[in-house]
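Test case, fold it:
(chains A, B, C and D)
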There are 4 protein chains.
Amino acid sequence: MARHTSPRVTALVVIDMINTYDHPDAEPLMASVRRALPAMVGLIDRARRAGVPVLYVNDNFGRWRSHHGELIDRALDGPHADLVTPVRPDDDSLFVVKARHSIFYQTPLDHLLSELGVSRLVLCGQVTEQCVLYSALDAHIRHLEVAVPRDAVAHIHPGLAEAALEMMERNMGAEVADARALSCDG
Amino acid sequence: MARHTSPRVTALVVIDMINTYDHPDAEPLMASVRRALPAMVGLIDRARRAGVPVLYVNDNFGRWRSHHGELIDRALDGPHADLVTPVRPDDDSLFVVKARHSIFYQTPLDHLLSELGVSRLVLCGQVTEQCVLYSALDAHIRHLEVAVPRDAVAHIHPGLAEAALEMMERNMGAEVADARALSCDG
Amino acid sequence: MARHTSPRVTALVVIDMINTYDHPDAEPLMASVRRALPAMVGLIDRARRAGVPVLYVNDNFGRWRSHHGELIDRALDGPHADLVTPVRPDDDSLFVVKARHSIFYQTPLDHLLSELGVSRLVLCGQVTEQCVLYSALDAHIRHLEVAVPRDAVAHIHPGLAEAALEMMERNMGAEVADARALSCDG
Amino acid sequence: MARHTSPRVTALVVIDMINTYDHPDAEPLMASVRRALPAMVGLIDRARRAGVPVLYVNDNFGRWRSHHGELIDRALDGPHADLVTPVRPDDDSLFVVKARHSIFYQTPLDHLLSELGVSRLVLCGQVTEQCVLYSALDAHIRHLEVAVPRDAVAHIHPGLAEAALEMMERNMGAEVADARALSCDG
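Residues are numbered from 1 along each chain as shown, chains lettered A, B, ... in the order given. Predicted coordinates for the structure are as follows:
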């Protein structure tokens, strides 16, 4: 059952892309991010031109004294800024800080989506078999439509990422397709 | 970080085993349940003898007029009672009804575990790549230790079940092992 | 902002009326329940005739081995059955067990309301300055419309109950009026 | 039941004090804030000297594009900076943005408290009969100890504020006393 909004309103969610990549497992993740960046940039660009809200939901890495401006500066000043610059927030972007795991867990995202009247999420970013999977589940439980562009999400473990995409499609009702084939226009 | 309980207190959770098996996907699930039943029965038996709380958390299949006694009667009167009778609750069992998905989602389980001082869950039942996976995630987020007996959980899709077990072990800190090898003694 | 349902769909919620009244503070509460019973009975009757869902949300008093049939039997067999019989559930009533406090806290109520398409709650029962107040807040946060019939809710402490009704009206957007004046027809 | 932490660890929570006071009801609220400021400043000072974590939990006023640094700057640049400057965060302060109502509702506060091992909250700030009350309830439900300094919380409506303090003391197990009489030392 979808939320009782008509017509369908989409938001694009960019997950955990503000990252310094200094954690374990960063190597395989960065390789995958590099491959997924063009499709992410394409989606963000399409959303911005169509007036679709772009929501950044990002781990704060336990930095409760920092605000999200500092998280962004820190990532842009780090050695892997090339993975952050292409997808960084602009002045119209919305930003929600999360503690860990799902984009919904202990965040105001549900409230913000309700204010915006959003009934469908396009999820891009990282990590396919972790936060993207958990977020798709939490969105599905909340009766939101979910779309996952398979070429615009990045993974650590290829086999688990493939399984995660199949779980999202089969068990969480998500639309899984190439970014190009997914609607992201409002 | 585990909950600040010392010493460790375990509960055995039996997930969605009170079932009439009249839904789609019941066929492959029943075959898997049949294989997993002996290990489940063994775990329940060990828990009961050790005084470990046995918590049944079960879908109510949208029957908001029925109580859990009726759910059990209905499953025991159905054509697949042979899959229910061996693991049915006794008078000391605790019972929590859930709406869908995770054992924690919109249920009083967290409150009940807190009352019991439980810091570790052994999860058995069904479906490995769905409710068991989602419940392991929600337990991990809540800083509970999680153990999953790989021979006492039942699946619909073998490949996704295998991936789910690996996700639980790798990304949710779960102990995944044969039932026999897992502690279930308090 | 109200939920995006149109037209408005109402449910009547009967809070914590399945009670053995053997707890502290039962004396002043029972006196207030006696005064509120006729208006509650009137509301339940109107709702049933209009086809408005009647949802019982009730504390389980820590009896995790009992199901709600047993909770009802226990209250009807007790010394204060006269306070329970007039408002007991019928076969069409829906029943949700709660652990403590709000009707939403760790219960499937939100899920059930979403399934029913409900956008407005009429809250009756007990205790005005405790569970009724907390439930009105939680409903308001969830963008549900709330109505509280001031003659169909029972209190322990008259001054706090009066303040609670004013808080609900002033700060939680609730409609507070006599039961007779409140719409309860769908 | 209190959380299983020993010994007791306290945090001081400063609620909604980063404010431009340009909303309805600001007039009576500002008068009350002025009276409560000295006791708040005293508490914050005691907490900082004792090494007690000081957590600012603040409404973001729907400004999802702004981060908390901008919220603070905006309040300090406004016409009522005299009500903000004395209690502003320092470099050691922790900051959590909330959407509305309780400090726990859709915020990472629970996660942060768990990381810090906090088992007791001292709540100061505004509004006594709204967010302070709702937050005390949500802390109580989560088995946290709650203390409310009656001279360090600000209200809009004096009668409802008095009732709210009595509700917190009587029904939510909160310690309500003058700031001076409350422990705030870790």
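
For chain A, which segments are assigned as strands?
The residue ranges that make up the strands of chain A, judged by DSSP state E, are A:10-15, A:54-59, A:94-98, A:120-126, A:145-149, A:153-154, A:175-177.

Out of these, which is the most enclosed?
Between these, the one whose residues have the most neighbours on average, counting mean count of other Cβ atoms under 10 Å in any protein chain shown, is strand A:153-154 (a mean of 28). Quick note: C-beta positions are derived from backbone N, CA and C, even for glycine.

quick one: strands adjacent to that one?
Counting by DSSP bridges, the strands paired with strand A:153-154 are strand A:120-126 (parallel).

Convert the C-alpha atoms of the partner strand to CSV, please.
As requested, C-alpha coordinates have been extracted for strand A:120-126 and formatted as CSV (Å, rounded to 0.1, in the frame of the first residue of the first chain):
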residue,chain,number,x,y,z
ARG,A,120,8.7,7.8,-3.8
LEU,A,121,12.4,7.7,-3.1
VAL,A,122,15.2,7.1,-5.6
LEU,A,123,18.1,5.9,-3.6
CYS,A,124,21.7,6.4,-4.7
GLY,A,125,25.1,6.3,-3.0
GLN,A,126,26.7,3.8,-0.7
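
in the helix ranked longest in chain A, what's buried?
The helix of greatest length in chain A, counted in residues with DSSP state H as the criterion, is given as helix A:26-50. Burial within helix A:26-50, assessed by neighbour count using 16 or more other Cβ atoms under 10 Å in any protein chain shown, is assigned to A:29-30, A:32-33, A:36-37, A:39-40, A:42-44, A:46-47.

Might you enumerate the residues of chain A proximal to chain B?
Residues of chain A that fall close to chain B, judged by Cβ under 8 Å from any Cβ of the partner chain: A:100-102, A:105, A:129-130, A:133-134, A:137, A:141, A:157, A:159-160, A:163-164, A:166-167, A:170-171.

same thing but at 7 Å, please
For chain A, the residues in contact with chain B under the definition Cβ under 7 Å from any Cβ of the partner chain are A:101, A:105, A:129-130, A:134, A:137, A:141, A:159-160, A:163, A:166-167, A:171.

Close to chain D as well: tell me which of the residues you listed qualify.
For chain D, no contacts are drawn from the residues of chain A next to chain B by Cβ under 7 Å from any Cβ.

ok, so of the residues you listed, who is nearest C:Asn58?
Proximity of these to C:Asn58, judged by Cβ to Cβ, is greatest for A:Ile141, which lies at 24.7 Å.

Can you tell me the closest non-neighbouring residue to that closest one?
With Cβ to Cβ, 6 or more residues apart in numbering or on different chains as the criterion, A:Ile141 has its nearest non-adjacent residue at 5.5 Å, and that residue is B:His101.

How about the contacts made by A:Ser92?
Actually, residue A:92 is Asp rather than Ser. Shown here is A:Asp92, which makes no contacts under the criterion Cβ atoms under 7 Å, 6 or more residues apart in numbering or on different chains.

For stretch A:39-58, what is the distance to the chain centroid?
On the basis of Cα atoms, centre = their mean, to the nearest Å, stretch A:39-58 sits 10 Å off its chain's mean C-alpha point.

Between its first and last residues, how far does it reach?
For stretch A:39-58, the separation between the terminal residues is 19 Å (Cα to Cα, to the nearest Å).

Give me the average confidence score over that stretch.
For stretch A:39-58, the mean per-residue pLDDT is 97.

Now look at it and say if it contacts chain D.
No. Using Cβ under 7 Å from any Cβ, stretch A:39-58 stays clear of chain D, with a minimum separation of 8.2 Å.

Touching that stretch from outside, list them.
Stretch A:39-58 is touched from outside by A:10-16, A:18, A:71, A:86-87, A:89, A:93-98, A:103, A:107, A:109, A:116, A:122, A:124, A:149, A:151-152, A:179, A:184-186, with contacts defined as Cβ under 7 Å, 6+ apart.

which ones are touching A:Leu94?
For A:Leu94, the contacting residues are A:Pro53, A:Leu55, A:Tyr56, A:Leu112, D:Trp64, D:Arg65, by Cβ under 7 Å, 6+ apart.

Give me the pLDDT value at it.
Predicted confidence (pLDDT) for A:Leu94: 93.

and the gap between it and B:Ala136?
A:Leu94 sits at a distance of 31 Å from B:Ala136 (criterion: Cβ to Cβ, to the nearest Å).

Return the residues of chain A in contact with chain D.
When proximity is defined as Cβ under 7 Å from any Cβ, chain A approaches chain D at A:64-65, A:67-69, A:91, A:94-95, A:99, A:106-108, A:110-112.

please redo it, this time with the cut-off set to 6 Å
Residues of chain A found near chain D (Cβ under 6 Å from any Cβ of the partner chain) are A:Trp64, A:His67, A:His68, A:Gly69, A:Leu94, A:Ala99, A:Gln106, A:Pro108, A:His111.

Where does pLDDT dip in chain A?
Within chain A, the segments meeting pLDDT under 70 span A:1-6, A:186.

Now chain A against chain B: closest residue?
With Cβ to the nearest Cβ, the shortest gap between chain A and chain B falls at A:Ala163, namely 3.3 Å.

tally of neighbours for A:Gly51?
A count of neighbours around A:Gly51, defined by other Cβ atoms under 10 Å in any protein chain shown, yields 9.

any idea how far it is from chain C?
Counting by Cβ to the nearest Cβ, to the nearest Å, the gap between A:Gly51 and chain C amounts to 20 Å.

Would you mind checking which of the contacts of A:Leu94 is nearest to chain C?
A:Leu112 (12.1 Å).

Got phi/psi on the closest residue to that closest one other than its chain neighbours?
Distance criterion Cβ to Cβ, 6+ apart; nearest residue to A:Leu112, sequence neighbours excluded, is D:Trp64 at 6.0 Å. Backbone torsions of D:Trp64, given as degrees, to the nearest 10, read phi -80, psi -10.

ditto for A:His155
Main-chain dihedrals, A:His155, degrees, to the nearest 10: phi -130, psi 170.

Settle this for me: it is touching A:Gln130, isn't it.
No. Counting by Cβ atoms under 6 Å, A:His155 does not reach A:Gln130; the two are 8.6 Å apart.

List the residues that contact A:His140.
A:Val146, A:Met172, A:Gly173 (Cβ atoms under 6 Å, 6 or more residues apart in numbering or on different chains).

from those residues, which is closest to chain D?
Checking the contacts of A:His140 against chain D by Cβ to the nearest Cβ gives A:Val146 as the nearest, at 19.5 Å.

Please name the nearest non-neighbouring residue to the closest one.
Nearest in space to A:Val146, with sequence neighbours left out and distances taken as Cβ to Cβ, 6+ apart, is A:Ala174 at 4.2 Å.

burial count for the one you found?
The number of residues near A:Ala174, taken as other Cβ under 10 Å, comes to 23.

Verify the stated contact: it with A:Val148.
Yes. In this structure, A:Ala174 is within contact of A:Val148 by Cβ under 6 Å, at 5.3 Å.

Are there residues contacting both of the two? Which ones?
Counting by Cβ under 6 Å, 6+ apart, the shared contacts of A:Ala174 and A:Val148 are A:Met168.

hmm, back to that, buried subset of the residues of chain A next to chain B, written for PyMOL?
Remark: buried members of these, expressed as a PyMOL selection using 16+ other Cβ under 10 Å:
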select buried, chain A and resi 101+105+129+130+134+137+141+160+163+166+167+171
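
Many thanks, we can stop here.
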